[in-house]
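In: model the structure of this input:
(chains A, B, C and D)
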Protein chains: 4
Amino acid sequence: MTALDYYRRTRRFCYDVLHNTDYDTPASRYFNYLLIIMIIANVSAVLVESVDHVYQAHAFYFDRFEHISIAVFTIEYLLRLWSVVEEDLETPAWKQRSHWLLSGAAIVDFVAIFPAYLNFFVHMDLSYLRILRLLRLLKLTRYFVSLQILLNVIEREKGSFQAVIFILIIMIVLAAGGVYAFEHEAQPDVFGSIPQAMWWAVVTLTTVGYGDVTPVTNAGKILGSVIMVLGVGLAALPAGILATGLANELNVRKERLEQEFRELIIGKDLDLVNDEKEIQQIGRIVGLRKEQIHEIQMQLIREQILEEKEQELKHYKYCPHCGEKLHD
Amino acid sequence: MTALDYYRRTRRFCYDVLHNTDYDTPASRYFNYLLIIMIIANVSAVLVESVDHVYQAHAFYFDRFEHISIAVFTIEYLLRLWSVVEEDLETPAWKQRSHWLLSGAAIVDFVAIFPAYLNFFVHMDLSYLRILRLLRLLKLTRYFVSLQILLNVIEREKGSFQAVIFILIIMIVLAAGGVYAFEHEAQPDVFGSIPQAMWWAVVTLTTVGYGDVTPVTNAGKILGSVIMVLGVGLAALPAGILATGLANELNVRKERLEQEFRELIIGKDLDLVNDEKEIQQIGRIVGLRKEQIHEIQMQLIREQILEEKEQELKHYKYCPHCGEKLHD
Amino acid sequence: MTALDYYRRTRRFCYDVLHNTDYDTPASRYFNYLLIIMIIANVSAVLVESVDHVYQAHAFYFDRFEHISIAVFTIEYLLRLWSVVEEDLETPAWKQRSHWLLSGAAIVDFVAIFPAYLNFFVHMDLSYLRILRLLRLLKLTRYFVSLQILLNVIEREKGSFQAVIFILIIMIVLAAGGVYAFEHEAQPDVFGSIPQAMWWAVVTLTTVGYGDVTPVTNAGKILGSVIMVLGVGLAALPAGILATGLANELNVRKERLEQEFRELIIGKDLDLVNDEKEIQQIGRIVGLRKEQIHEIQMQLIREQILEEKEQELKHYKYCPHCGEKLHD
Amino acid sequence: MTALDYYRRTRRFCYDVLHNTDYDTPASRYFNYLLIIMIIANVSAVLVESVDHVYQAHAFYFDRFEHISIAVFTIEYLLRLWSVVEEDLETPAWKQRSHWLLSGAAIVDFVAIFPAYLNFFVHMDLSYLRILRLLRLLKLTRYFVSLQILLNVIEREKGSFQAVIFILIIMIVLAAGGVYAFEHEAQPDVFGSIPQAMWWAVVTLTTVGYGDVTPVTNAGKILGSVIMVLGVGLAALPAGILATGLANELNVRKERLEQEFRELIIGKDLDLVNDEKEIQQIGRIVGLRKEQIHEIQMQLIREQILEEKEQELKHYKYCPHCGEKLHD
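Out: Below you'll find the predicted structure:
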């Protein structure tokens, strides 16, 4: 085996472990678990570090852990960039790499390491650096299917979300203007300008309602009441849109799974009544629940019986309508 | 009748009363009512006891009631464990019992009595013991169908819930990090660290909004506004998912009921037009509303008429199309 | 015409005006408008009266208006009771009257006048009397279809609501118990007992979040956060159930309207293409929107064309399959 | 070309740019972008102006910008009014113009300029004038399709909204009455009258929960708890209705798009398998996503195959059932 072969095989291995979701060996699984633990440990470290006295007591360990993390995530990033070429060996490497660099997952990976390097050149305030390190949490999205489904739905329904957020902004601006007109004399310190009044409007229209700023004049209270009654539901609208979209998405997925399961059973030529155990197993591999498997099995049996009846009819020698001979 | 027979019959009786939902006699019903009242009385006692001066005035009665309750719930637990064997006399008893011990209902029953016994050995703080006694409330789930439906839906949609709670946690962590960066200098006592800032993030993103902690800097308020507008809907998402899931579940149940009703009517060979009264009665037993019964009846009548027409066609001796003889 | 005839006709007239929704003359309409104005004026009077100095300044007029209102509502109640008999002249009068007395609308009417009479015998506190007078607002439900639809949906989905409220109560009790355990030492004045802590639990789980009572210990804040993240969505669940139920109900109603419209067009034997204007008019009477009318019209035209083609086929003299003669 | 021709062509051009959504040239697009920027700049100016010291420092520029804006919006309004005639050259001009004047978009345009002119005659308070200028924000609705969809849904579901707001008002009045009865002695300053108590009721039932006014008596807290548990979901109901309505509306639109796409493909007589690229392009123009295009393409191919089979059957010279000749 030549050096090139080794190079190729290593790259292939990296690709399988880091990119290929169909590749599922104990090694790749443990590696991914390790990365997940690393991410969670990182975020936990940032949270704990922000407690001043804890950080001062153990600064050395925290810094060391941060350096190791940057190293690990940098290597991960470079390996992903290097191995992505294996996805399609016919496209030129630079094209695939630049394509990957601009994908959402790659940007998240980049954001996870970039601020640490930037910090060498431009000294950032520690508290801002911490938030940027918290963004490493987004690397977790890669490992959770249900999260990707949710993001998909958000992506698909983004038109509706834009409309809702746009209306919400219009309402916030108008509500702020209204309450400013009625309250800025009574409470010049908190309703002194419309941008200041927008804080009240946001807090009210999202139903958070801290109570740090509330209207005190009668006119302000009446306007506030109207705004609440009419506008309050709007803040809950994105949830409603998401819920409906999610239900649709999950339905589509379920149907696809069932279709896959059907084709597997028919393809393997299993006996629907006697091969109960194998059917159950296939169903579980595909990812169906017990009841779903049973239901599809029953339906397939019904279809089989119907088909058999039809077959019988086809064996008639004479047309049941006009009595002529059908086959010779 | 031998002693073994008595033993068996007693066990069967216990099984019927405690486990068998199809067994419905006045005795079993009253017994279940008694248990429900016992549970509610227990929880009420815990609530009232926690008012110090009430407990001190009547400590004797409260303690006695607690002792009786423990005795009753312990006996109930042991009888359930003993009699569950009757469910399937062919499986070995230990297998069924250990299976039952690990079921959700059994764990709830165990949690209801265990802390009281543990208290003999390890002395627990009274206020913690009280919460554990409050968990007896969960024993009520056994008696309410609609509650079980809701729990079913939660179980089925748990993938979506995980995704939502996971996103919520990501948003809480990032929001806490952001507000910490902007506010920890202005308000070091409440935004002194990211974990401290998470209290604000949770209170805000769930739209509870106590107002005990609010951003005061302009940057903090702007960040807070963005978080509210974008993230607030998320907290209402589980409700949306549950509502959609519940609607589906109830639809499925309704269809099953209607199917059952149909089969009962056809099975009993009732005359669809004249046996109005009996049909109504069957429908009510099955659990349908009046309109549903009427609708199904109408549909069955339509189907009958269609079938009769088809039957008529089958009795044609000659094909109405070509005039040839159909049967000999 | 005898006295009995007059009596009967008066009763019929009262029935038509007060009970019969199909009876729609200017007189009945104005009478109902009058009652609606009366109800709104009553509620407004109660609201204004509760401002002490306003009431003291105009007590005479307020009291007089109240006396007139009681008289009007009492007469209305008695006339309804008297005339309900006309609904079905074959059932005995006392049966219909007692049936009506127990209906929801009659109870609302009764509650609107009863406290005023009770006040003659037992002197009630003025502020409680005022709330009871506010209940006259419920008399408005009779006049709004969309309100009745909403109440219908609530009635139909009451099983789900019970489940949700039941779970909410369980969560409130457990949350109160938990926060009591962690906070009752730090804040004995507001978390001094579990019932006291329930105020916090309700305010939190419904996401109202006044902030008058909040956990201050770390353990309390962590427990509070978990309760918020897990439980907060539940409070919005009834809204989700209602929204889904309302959508279904409105769909059913729309389909019924469309069916009615279809039958009217077919029944009147209108030409689908040329009688555009009459079709539009019928549609508007039935209560459809312009687009709906157009859509149904288009569908009917398509159906007509299909039927015509089928008719053509029926006129074939020979079977297109075997060439035999079809009719003589 | 005569003067009239010039006049006509100018009017046509104005109509195309200002009213005709099918007319899409770079010129018209830039013009619309300019108007959008103008609107946003205007609203931003109002927001910034309301900060007193900023306005005092740059009053001259703010006032000048306002004058220019009024001029631009006035000219836009007049040009729209003038050119709307081109929509349908057969209807008399005054009819179309008065029809347009009463349309929602025209009223929004009018509200955007009217207060500025009114201010010449009646001097308005600056803070009220500012809110009225904020209403210019509504002019944006013209440019966002998703916003119009949302408004459509609100228009269509207005019956449900009325019912919900009506119930909400009933609940607010009753809740205010109840809490007034229990709390007006303990807190006469905030629960001194029912209208005063309504502020608490609105803040509570919409789940905003400022906490500026909360019940302090036990009776008040119990009543408040019941109101929260029962009524809180109602405030989220409009969101649920909107979400369901929006989902339906978007489905209808999607189906319409797909239908349009289908007809375009069939109309252009494209080869479904080989003209992949053109099909993709048409799909994108129509506004479909890639997966949707693929799905429709697959379905069309299936339909084509089925049709071909049927065609084959039609070419049979003898009935496969009875062997008789089918056509001559």
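In: quick one: A:Ala106 and A:Ser98 touch, right?
Out: No - here A:Ala106 lies out of contact with A:Ser98, judged by C-beta atoms under 8 Å, at a distance of 10.1 Å. C-betas here are computed from N, CA, C, even on glycine.
In: which of these two has more neighbours?
Out: A:Ala106 (17 against 11; other C-beta atoms under 10 Å in any protein chain shown).
In: tell me how far the more buried one lies from A:Tyr143.
Out: 16 Å (C-beta to C-beta, to the nearest Å).
In: next one: A:Met198
Out: Distance of A:Met198 to A:Tyr143, computed by C-beta to C-beta: 38 Å.
In: cool, and A:Leu223?
Out: From A:Leu223 to A:Tyr143 the distance is 48 Å (C-beta to C-beta).
In: do A:Phe191 as well
Out: From A:Phe191 to A:Tyr143 the distance is 47 Å (C-beta to C-beta).
In: ok, then the element right after the helix or strand where A:Ala201 lies?
Out: Assigned by DSSP states H and E, A:Ala201 belongs to helix A:194-205. Using DSSP H and E, the helix or strand that follows helix A:194-205 in sequence is helix A:218-231.
In: taking the mean pLDDT, what do you get for the helix or strand following that next one?
Out: Downstream of helix A:218-231, the first helix or strand assigned by DSSP H and E is helix A:237-267. Helix A:237-267 comes out with an average pLDDT of 78.
In: what of stretch A:161-172?
Out: Stretch A:161-172 shows a mean pLDDT of 83.
In: with stretch A:58-75 instead?
Out: Here the average pLDDT along stretch A:58-75 is 92.
In: how close does A:Gln299 sit to A:Leu272?
Out: In terms of C-beta to C-beta, A:Gln299 sits 10 Å off from A:Leu272.
In: check contacts around the closest residue in space to A:Leu246 that isn't next to it in sequence.
Out: Of all residues not flanking A:Leu246 in the chain, A:Val153 sits nearest, at 5.2 Å (C-beta to C-beta, 6 or more residues apart in numbering or on different chains). Neighbouring residues of A:Val153 by C-beta atoms under 8 Å, 6 or more residues apart in numbering or on different chains: A:242, A:245-246, A:249.
In: got a markdown table for the residues you listed, with neighbour count and distance to D:Leu205 too?
Out: Listed next are these as a markdown table, based on neighbours: other C-beta atoms under 10 Å in any protein chain shown; distance: C-beta to C-beta, whole Å:
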| residue | neighbour count | distance to D:Leu205 |
| --- | --- | --- |
| A:Leu242 | 25 | 24 |
| A:Gly245 | 23 | 28 |
| A:Leu246 | 26 | 28 |
| A:Glu249 | 17 | 33 |
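In: and which of the residues you listed is nearest C:Phe65?
Out: Distance to C:Phe65, by C-beta to C-beta, is smallest for A:Leu242 among these, at 50.9 Å.
In: near the closest residue to the closest one other than its chain neighbours, how many residues? Count them for me, please.
Out: Spatial nearest neighbour of A:Leu242, excluding adjacent residues (C-beta to C-beta, 6+ apart): B:Leu237 at 5.5 Å. Using other C-beta under 10 Å, B:Leu237 has 27 other residues around it.
In: wait, what's in contact with B:Leu237?
Out: B:Leu237 makes contact with A:239, A:242-243, B:164, C:233 under the criterion C-beta under 8 Å, 6+ apart.
In: identify the farthest-apart pair in those.
Out: So, those by C-beta to C-beta: farthest apart are A:Leu242 and C:Gly233, at 12.1 Å.
In: re earlier: looking at A:Gln299 and A:Leu272, which is more packed in?
Out: A:Leu272 (18 against 13).
In: would you confirm that that one contacts A:Ile293?
Out: No - here A:Leu272 does not reach A:Ile293: they are 11.6 Å apart, not a contact under C-beta under 8 Å.
In: what number of residues lie near whichever residue of the stretch 151-300 of chain A sits closest to chain B?
Out: Proximity of the stretch 151-300 of chain A to chain B (C-beta to the nearest C-beta) peaks at A:Ala243, 2.7 Å away. Neighbours of A:Ala243 under the rule other C-beta under 10 Å: 29.
In: cool, A:Glu255 as well?
Out: When counting by other C-beta under 10 Å, one arrives at 10 neighbours for A:Glu255.
In: got the domain ranges for chain A?
Out: A:3-143, A:158-252, A:270-318 (automatic domain parsing).
In: export those domains to JSON lines and append columns for distance to D:Tyr33.
Out: As requested, the domains of chain A are arranged in JSON lines below (distance: least, C-beta to C-beta, whole Å):
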{"stretch": "domain A:3-143", "distance to D:Tyr33": "27"}
{"stretch": "domain A:158-252", "distance to D:Tyr33": "17"}
{"stretch": "domain A:270-318", "distance to D:Tyr33": "48"}
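In: for B:Val179, which of the ones you listed is the nearest?
Out: When the domains of chain A are compared by C-beta to C-beta, domain A:3-143 sits nearest B:Val179, at 9.5 Å.
In: does the closest one reach chain B?
Out: Yes - using C-beta under 8 Å from any C-beta of the partner chain, domain A:3-143 comes into contact with chain B via A:43, A:46-48, A:50-52, A:125, A:127-128, A:130-131, A:134-135, A:137-138, A:140.
In: from those, list the buried ones, please.
Out: For those, a burial check counting by 16 or more other C-beta atoms under 10 Å in any protein chain shown picks out A:43, A:46-47, A:50, A:127, A:130-131, A:134-135, A:137-138, A:140.
In: for the residues you listed, name the two members farthest from one another.
Out: The span of those, defined through C-beta to C-beta, is set by A:Ser127 and A:Leu140 at 22.8 Å.
In: least confident secondary structure element in chain A?
Out: Scoring the helices and strands of chain A by mean pLDDT, DSSP states H and E places helix A:290-314 at the bottom, with a mean of 72.
In: A:Glu276 and C:Arg9: what is the separation?
Out: 76 Å.
In: more crowded one of those two?
Out: More crowded of A:Glu276 and C:Arg9, by other C-beta under 10 Å: A:Glu276, with 14 against 11.
In: what residues are up against A:Tyr210?
Out: A:203, B:209-211, B:214, C:211, D:210.
In: ok, how many other residues are close to the closest residue to it other than its chain neighbours?
Out: Nearest residue to A:Tyr210, sequence neighbours excluded (C-beta to C-beta, 6+ apart): B:Gly211, at 3.5 Å. Other residues within reach of B:Gly211, judged by other C-beta under 10 Å, total 24.
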